[in-house]
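# Compute the structure for the input listed below.
(one chain, ligands or ions: 1)
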Amino acid sequence: MAASPDNQTPPTETLNPPLEHSHPTTNGHDSSVPPHQPPPEQSQPSNAQSPDAVEPGEKRKREDPSNTYTENHPMWKTSLCSYFRRSGGQCSHGDGCRYAHGEAELRPRPDNTWDPTSERVKKILKEENGEESKGVEERDVMMTDALEGDDLDGALAKCLVNLPMKWASDNLRTFLSEQGIDYKSAKKRKGMMVGFVNFESAEQVKRAMEELDGTSVGNKNLKVADVVPRSFEKNFTQQINEILASSNGCEDGDAIDDDLKQGCSNSKARSARDVVTPFAYMPYADQLEHKKSNLVQILKKLTRNGRKACPNGVSLPEWILKSREIGGLPCKLEGILESPIVNGYRNKCEFSVGNSIQGKPTVGFMLGNFREGVTAVEEPTECPNVSRVACKYAAIFHEFLQNSDMPIWNRLNNTGFWRQLTVREGRNPSKVAEVKNSEVNISEVMLIVQVCTAGFDDALVSSEIERMARAFGVVSSVDSSLPRMALVVQDHKGISNAAPFDAPLRSVSIPKADSHPGDETASEGEEVRIHDYIGNLRFSISPTAFFQVNTLAAEKLYSLAGDWAGLGPDTLLFDICCGTGTIGLTLAHRVGMVVGIEMNASAVSDAHRNAEINAIKNCRFVCAKAEHVMGSLLKEYLNLAKKQDEISCSSKISNDEPTSTEENFSDNIPDTDDSASLKLETENGKSTSGCLENGGHGLHNQPQNNCTTENGTPLMQFKNVVAIVDPPRAGLHPTLIKALRTHPPLRRLVYISCNPETLVANAIELCTPSVDNKAEKGNKNNRGWRNMSSAGLARHRAKSMPNSEPFQPIKAMAVDLFPHTPHCELVMLLER
Ligand SMILES: C[S@@+](CC[C@H](N)C(=O)[O-])C[C@H]1O[C@@H](n2cnc3c(N)ncnc32)[C@H](O)[C@@H]1O
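Prediction:
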């Protein structure tokens, strides 16, 4: 399953590698800086030459820091001396060197962090990341699905880890033959780093381990690991004995005590709790501290990369110059707001269907990464972020699957029927006293069962789905603690469980006799929806629309964004990536007008409906990819002021063809968007006029000027134009960034991010000075972007930014929407 904190791919968020810590390339000093110069965030000591003094075209000179830093300087001995390390303890600066000669001399930095290349930090990171950082080498491989036509024999099967992803079975067989390894069968799927080998005898296993373990293939070392296949239970003891005999010199048939079992077979598996909520072992206050210090490291990348990306001959912007006063941060990180509830907070959980370690069909979370050979699934009961209600539905489905005639999904062969259960919860508005136990507010549940009908008889599919509906109905009719329920089946044939928005959905009636009073009995084809509240606004949410998974914490997030956006009656607010309209609608009463942009058509129709049910009239929602329409929208709305005298507002945005600036923006990053398939829509399905129609609700606000449309409707013009962007994990499209950056009247931008790494990358492009200098532009033929970090790519793109006033990072703050996981939302205010 995909990994993300957004609710399109929920609790598996932690299957992603943990947040990347800032880790300069080699020596703790930035790679662009010669060994004996300070890292970028400290390279402008107070008495250093002002960058403004640098002549155009001349490289900015850095002073020898050993002369300028003294013992009293806050950065004294806070970085390791790479020269000292590389030369085996020699450094011409001797004791006077401002860098630490070894770990013992190293001092903490003013912000209480340590040189990221120090052993101390490496050790902390290892501990923090726990098993996650150890990688597959130190873990069991828990494949519980069989490869096509060949069940693995637990005792004589081995798993080879670190094979090239692109290898198929043939490559693996050739490799084994070249190494002189005898085996019975060998299988590998492209896209995985693991392959499976069955052997004829314990001797073959032993020899394979001796020959292959540690052998290098490409730039990796092979690891021979155990497999815990379906036959785990019956073969376990035998398997252990074989392993003991073959790899540890124990005699075949030795008595096995528990310690030996663990030590020799490495059979300690991680639990779903460890995988999904790796911070659950820490007190909540420590979790918050931990997230904050991670964010500090990530934010510093913005300063470092902004500095690097600054074109030659251009003064460093003020925010970079001032960064050294705040420990290298691009702006102040004002803290982290805690979640009002820390347990059972998720209103959406996607439970995988797969075999447990014991080979039993199970509904829950995968215990690791498919690419690493882990397909085992465990029940969610120990995961503190999942509600008891969601666990109950997972358990009902789990029981049903034990006797289903249809097979569960096999991730290796991409065959099977039952794939995933999504539980979405709708809540009543919470009273303060109920916040701590918000589960009492769960008033309705939408169950989305994902299946793959390909190759199955229609009649069989229908009868099995009916049987499932009865199973849910029976339990909910006897358990009065379960809320109202609606059932939807999603047919998805793709490889990953992440189905596209338009994967066919149909609602399934829950048989009346068995159903709980009030259960949804939507007729076939009718769209089922759930409802939730943000403040006192009611939101109607369709099955595939995004809605923040922690509603109460989202309320804090939106109000923070609103406070920072500097709203008022004369504000036009662009809510970019608006989903069901949550941000714009909750802030609508504080602005003149909201324009929301969202690509998921169901979410846009939810947004319209939500405006309607809450009687909000000053919002308009556009269904399109933001990168396709933002240039046009900004141009139309922001140019209004210039056109005041001659205004007739006859211009139309009839489609999302790129504007001239978009056309000019060519970089060599492929754009996979299908602009042709998208059309700009308004709430009425008509094209949008260049000026805003006076919507009614916002009329009590005082627009600066009015004008009229062709048909005489009054129009408003706004003094203050702000944008709140809330993109998915991948961040903003470069074309959108350019549109925001190159429209000067847009003075303020609030960036909400569930992935601080992409926020930093996008902010590099938004905040780096640009020049109209062809020589500075990126190399159009450079295909090396594939290997670049997101920050490197952003620096590269920043070179192609048309000359325009950059934004400045003003302040940042985190909001914890995901207790017990490493994730949180980050909000940053950018102004110019
Ligand atoms: C993190 S969600 C935020 C939704 C909303 N602001 C909220 O808080 O409920 C990101 C949203 O962006 C939408 N989206 C993703 N890519 C987009 C694009 N290129 N243009 C417009 N919307 C996009 C997704 O469909 C999703 O609804």
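
# helix or strand for residue 114, which one?
Per DSSP states H and E: residue 114 is located in neither a helix nor a strand.

# does any part of stretch 570-586 sit near the ligand?
Yes. Stretch 570-586 lies within reach of the ligand by CB under 6 Å from any ligand atom, at 577, 578, 579, 580, 582, 583. Glycine gets a C-beta too; all of them are placed from N, C-alpha and C.

# State the mean pLDDT of stretch 353-370.
Averaged across stretch 353-370, pLDDT comes to 90.

# hang on, the earlier thing: which ones among the residues of stretch 570-586 next to the ligand are found in helices?
Judged by DSSP state H, the subset of the residues of stretch 570-586 next to the ligand located in helices is 582, 583.

# Buried subset of the residues of stretch 570-586 next to the ligand as a ChimeraX selection?
Selection of buried members from these for ChimeraX, criterion 16 or more other CB atoms under 10 Å:
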select :577,578,579,580,582,583
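
# Out of the residues of stretch 570-586 next to the ligand, which is nearest to residue 316?
Comparing the residues of stretch 570-586 next to the ligand against residue 316 with CB to CB places residue 577 closest, at 31.2 Å.

# can I assume that closest one is in contact with residue 729?
No. With contacts defined as CB atoms under 8 Å, residue 577 does not count as touching residue 729, sitting 11.5 Å away.

# Please pull out the lowest mean pLDDT helix or strand from this protein.
helix 258-265 (a mean of 25; mean pLDDT, DSSP states H and E).

# which element follows it toward the C-terminus?
Heading C-terminal from helix 258-265 (DSSP H and E), you reach helix 272-276.

# so what secondary structure elements neighbour the helix or strand just after that next one?
Toward the C-terminus, helix 272-276 is succeeded by helix 284-309 as the next helix or strand (DSSP H and E). Judged by 3 or more CB pairs under 8 Å, 6 or more residues apart in numbering; DSSP states H and E, the packing partners of helix 284-309 are helix 318-321, strand 332-337, helix 756-767, helix 790-798, strand 808-815.

# one more time with 6 Å
Packing partners of helix 284-309 (3 or more CB pairs under 6 Å, 6 or more residues apart in numbering; DSSP states H and E): helix 318-321, helix 756-767, helix 790-798.

# And the shortest one, what's buried?
Of the residues in helix 318-321, those buried by neighbour count under the rule 16+ other CB under 10 Å are 319, 320.

# Repeat that for stretch 805-815.
So for stretch 805-815, counting by 16+ other CB under 10 Å, buried means 806, 807, 808, 809, 810, 812, 813, 814, 815.

# of all those residues, which comes closest to the ligand?
The nearest member of these to the ligand, counting by CB to the nearest ligand atom, is residue 815 at 11.6 Å.

# ok, now which ones touch that closest one?
337, 556, 557, 825 (CB atoms under 6 Å, 6 or more residues apart in numbering).

# Now, the residues you listed that are in helices?
556, 557.

# is it true that residue 364 lies in a strand?
Yes. Residue state for residue 364 (DSSP: H, G, I helix; E, B strand; the rest coil) corresponds to a strand.

# Beta-bridge partners for it, please?
Beta bridges link residue 364 to residue 352, judged by DSSP bridges.

# Counting neighbours, what do you get for it?
Here the number of neighbours of residue 364 (other CB atoms under 10 Å) works out to 28.

# Surely it and residue 382 touch.
No. Assessed by CB atoms under 6 Å, residue 364 is found out of contact with residue 382, at 9.7 Å.

# Tell me how the chain divides into domains.
Using automatic domain parsing, the domain parsing of the chain gives 140-268, 387-532, 571-718.

# Just the buried ones among the contacts of residue 815, please.
Taking 16+ other CB under 10 Å as the criterion, what is buried in the contacts of residue 815 is 337, 556, 557, 825.

# Surely the second one touches residue 337?
So the one you mean is residue 556. Yes. The criterion here is CB under 6 Å, and residue 556 meets it with residue 337 at 5.3 Å.

# all strands for the stretch 351-500 of the chain, in order.
Applying DSSP state E, counting those that start in this stretch to the stretch 351-500 of the chain gives strands spanning 361-366, 377-378, 418-427, 442-451, 484-491.

# Rebuild the ones you listed as JSON lines, extending it with distance to residue 569.
Below are these laid out as JSON lines (distance: least, CB to CB, whole Å):
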{"stretch": "strand 361-366", "distance to residue 569": "48"}
{"stretch": "strand 377-378", "distance to residue 569": "53"}
{"stretch": "strand 418-427", "distance to residue 569": "32"}
{"stretch": "strand 442-451", "distance to residue 569": "35"}
{"stretch": "strand 484-491", "distance to residue 569": "40"}
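
# Can you check which of those strands gets nearest to the ligand?
Nearest of those (CB to the nearest ligand atom): strand 418-427, 13.5 Å.

# what pLDDT does residue 554 get?
The model reports residue 554 with a pLDDT of 97.

# Quick check: it touching residue 548?
Yes. Contact criterion CB under 6 Å: residue 554 and residue 548 qualify, at 3.6 Å.

# and these two? which has more neighbours close in?
Higher neighbour count among residue 554 and residue 548: residue 548, with 26 against 22, using other CB under 10 Å.

# tell me the contacts of that one?
Residues near residue 548 by CB under 6 Å, 6+ apart: residue 554.

# From residue 280, how far out is it?
Separation of residue 548 from residue 280 (CB to CB, to the nearest Å): 21 Å.

# got it, and residue 357?
From residue 357 to residue 280 the distance is 20 Å (CB to CB).

# again with residue 86
Distance of residue 86 to residue 280, given as CB to CB: 42 Å.

# quick one: low-confidence parts of the protein?
Low-confidence segments of the chain (pLDDT under 70): 1-70, 72, 74, 109-113, 123-154, 228-269, 431-436, 512-526, 639-716, 773-787.

# near the ligand, which residues of the stretch 601-750 of the chain?
By the rule CB under 6 Å from any ligand atom, the part of the stretch 601-750 of the chain lying against the ligand is 603, 625, 626, 627, 726, 727, 728, 733.

# where exactly do the helices run in the stretch 101-250 of the chain?
Assigned by DSSP state H, counting those that start in this stretch, the stretch 101-250 of the chain shows helices spanning 119-129, 131-134, 169-178, 202-212, 232-247.

# which residue packs closest to residue 360, ignoring adjacent ones?
Excluding the flanking residues, the one nearest residue 360 by CB to CB, 6 or more residues apart in numbering is residue 402, at 7.5 Å.

# burial count for the one you found?
9.

# Show me what residue 418 is bridged to.
residue 408, residue 451.

# what does the one 4 residues further on give?
Beta-bridge pairing of residue 422, defined through DSSP bridges, involves residue 350, residue 448.

# and residue 598, what are its phi and psi?
The phi/psi pair for residue 598 (degrees, to the nearest 10) reads phi -150, psi 140.

# what's around it, how many residues?
Applying other CB under 10 Å, we find 26 residues neighbouring residue 598.

# nearest residue to the residue of the stretch 351-500 of the chain found nearest the ligand other than its sequence neighbours?
Residue nearest to the ligand within the stretch 351-500 of the chain (CB to the nearest ligand atom): residue 500, separated by 11.3 Å. Distances taken as CB to CB, 6+ apart put residue 494 closest to residue 500, at 7.6 Å, once the chain neighbours are dropped.

# Which phi and psi values does the one you found adopt?
The phi and psi torsions at residue 494 (degrees, to the nearest 10) take the values phi -70, psi 170.

# Roughly how far does it sit from residue 348?
20 Å.

# With neighbour numbers in mind, choose between those two.
Comparing residue 494 with residue 348 by other CB under 10 Å, the one with more neighbours is residue 348, at 24 against 12.
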